[in-house]
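In: here's my sequence, what's the structure:
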Amino acid sequence: MYTIGQFSKIGKVSTKTLRDYDKISLIKPSFVNPENQYRYYEKNQIKDILRINKLKIYKFSLDEIKQIIQDKSNETLKDLLQKQVNHITKEIEYSNNILLELKDSIEKLKKGDDIMTYKRIFEISTYTLEDTLVLSLRNRISMDNIGNLIGKVFENIYRNNLKICGNIMTLYYDEDFDETNADLEVCIPVNKELQNPAIKTRILKGGLFAHTTFVGPYSEIGEAYAELTDWISKNSYEITGAPFDKYIKGPESNCSPDEFVTEVYFPITKK
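Out: Have a look, this model is predicted:
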């Protein structure tokens with residue numbers, strides 16, 4: 001048997017962490033001396049602490065690790081591994097998007113271009129959209145984590161054997177936008193209604209929208225929002241709900257951020 005200090009060195013975790021694991025029944029000592037409360041661990045527990053360490057590297061929470069260890073069938077492990085693959089894939093896509101923008105900005109500066117000057121011309125029109133069945137998730141998150149929310153929607157679609165029937169859309173509900181705490185909803189059109197109470201499909205209401213197409217990196221899409229807001233005011237309309245972006249062409253196309261295509265829609269009505 002190993003003392004808690006010896007087991008700490010073997011498992012490369014602190015004795016405090018081992019005591020915390022004991023409290024939540026993640027890994028408990030095989031024997032506790034009733035006289036002095038010294039904890040002891042057996043050799044066959046080494047594989048358990050090493051497994052916990054590996055799962056922490058995969059960025060699983062302690063609650064998730066406990067579920068994995070308790071499920072001897074490994075079904076929980078398979079599900080959570082796939083969830084984490086989707087999550088990290090979206091993080092990589094988001095980081096790659098930023099990397100592409102950085103490289104593109106460097107090339108523009110080398111050519112003497114001003115990367116902070118915007119000269120786009122927008123064609124704005126009204127457009128009537130039909131009601132659309134979507135699977136969606138709404139949350140208040142940092143914009144840095146939007147890829148994670150998109151990944152969760154895709155995960156729910158695949159897990160429930162739904163078919164994707166359109167482009168990803170993101171609705172923005174805040175009146176005063178907060179990049180670090182944005183109230184947004186990611187929607188993906190699907191082929192059928194889901195009868196799962198935990199994961200719901202809903203109807204995204206159609207109607208009259210002011211619409212334009214933005215070509216360029218996501219960091220500059222505010223230019224399209226400004227043009228749409230001005231156009232709506234000048235043409236005696238008013239905004240009636242949350243605007244949304246529809247992603248037509250993005251990082252998955254392996255193109256420059258200058259070639260990203262995003263449609264922007266504002267729900268409107270005549271004053």
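
In: tell me the pLDDT of the nearest residue to S256 once chain neighbours are set aside.
Out: The spatial neighbour of S256 that comes closest, neighbours along the chain excluded (C-beta to C-beta, 6 or more residues apart in numbering), is D104 at 5.5 Å. For the C-beta atoms, the positions are set from N, CA and C on the backbone; glycine is no exception. You'll see D104 listed with a pLDDT of 79.

In: how close does D104 get to I98?
Out: Distance, D104 to I98, by C-beta to C-beta, to the nearest Å: 11 Å.

In: now the residue nearest to S256: which helix or strand?
Out: Using DSSP states H and E, the element containing D104 is helix 75-110.

In: buried ones in that helix?
Out: For helix 75-110, a neighbour-count test (16 or more other C-beta atoms under 10 Å) marks 76-77, 79-80, 83-84, 86-87, 90-91, 94, 97, 100-101, 104 as buried.

In: just give me the neighbour total for the nearest residue to E179 once chain neighbours are set aside.
Out: Closest residue to E179 apart from its sequence neighbours, by C-beta to C-beta, 6+ apart: M143 at 4.9 Å. M143 is flanked by 15 other residues according to other C-beta atoms under 10 Å.

In: what residues are up against M143?
Out: Contact partners of M143, counting by C-beta atoms under 8 Å, 6 or more residues apart in numbering, are E179, T180, A182.

In: again, but for F154
Out: N86, I188.

In: circling back to that earlier point, how far away is the residue nearest to E179 from T269?
Out: Applying C-beta to C-beta, the value for M143 to T269 is 29 Å.

In: and for T201?
Out: The gap separating T201 from T269 is 26 Å, by C-beta to C-beta.

In: check L204 too.
Out: As judged by C-beta to C-beta, L204 and T269 stand 17 Å apart.

In: show me where this structure dips below the pLDDT cut-off.
Out: Counting by pLDDT under 70, the ranges of the chain that qualify are 114-118.

In: more neighbours: T201 and T269, which one.
Out: Of the pair T201 and T269, T201 is the one with more neighbours under other C-beta under 10 Å, namely 23 against 11.

In: once you drop chain neighbours, what's closest to that one?
Out: Closest residue in space to T201, ignoring its immediate chain neighbours: L194 at 4.5 Å, by C-beta to C-beta, 6+ apart.

In: contact partners for the one you found?
Out: Residues near L194 by C-beta under 8 Å, 6+ apart: L135, N160, L162, K200, T201.

In: filter these down to the buried ones.
Out: In the contacts of L194, burial by neighbour count holds for L135, L162, T201, counting by 16+ other C-beta under 10 Å.

In: got the contact list for the second one?
Out: If a contact means C-beta under 8 Å, 6+ apart, then L162 has L135, V190, N191, K192, L194 as its contacts.

In: list the ones among those that fall in strands.
Out: Per DSSP state E, strands hold the following members of the contacts of L162: L135.

In: turn the contacts of L162 into JSON lines, columns for distance to Y40.
Out: What follows is those, written out as JSON lines (distance: C-beta to C-beta, whole Å):
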{"residue": "L135", "distance to Y40": "51"}
{"residue": "V190", "distance to Y40": "54"}
{"residue": "N191", "distance to Y40": "57"}
{"residue": "K192", "distance to Y40": "56"}
{"residue": "L194", "distance to Y40": "50"}
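
In: of the contacts of L162, closest to D174?
Out: Of all these, D174 sits closest to L135, with 22.3 Å by C-beta to C-beta.

In: quick check: bridge partners of that closest one?
Out: Counting by DSSP bridges, L135 forms beta bridges with I188, T201.

In: and it, how far from T201?
Out: Shown here: L135 relative to T201, a distance of 5 Å by C-beta to C-beta.

In: many thanks, I have nothing further to ask.
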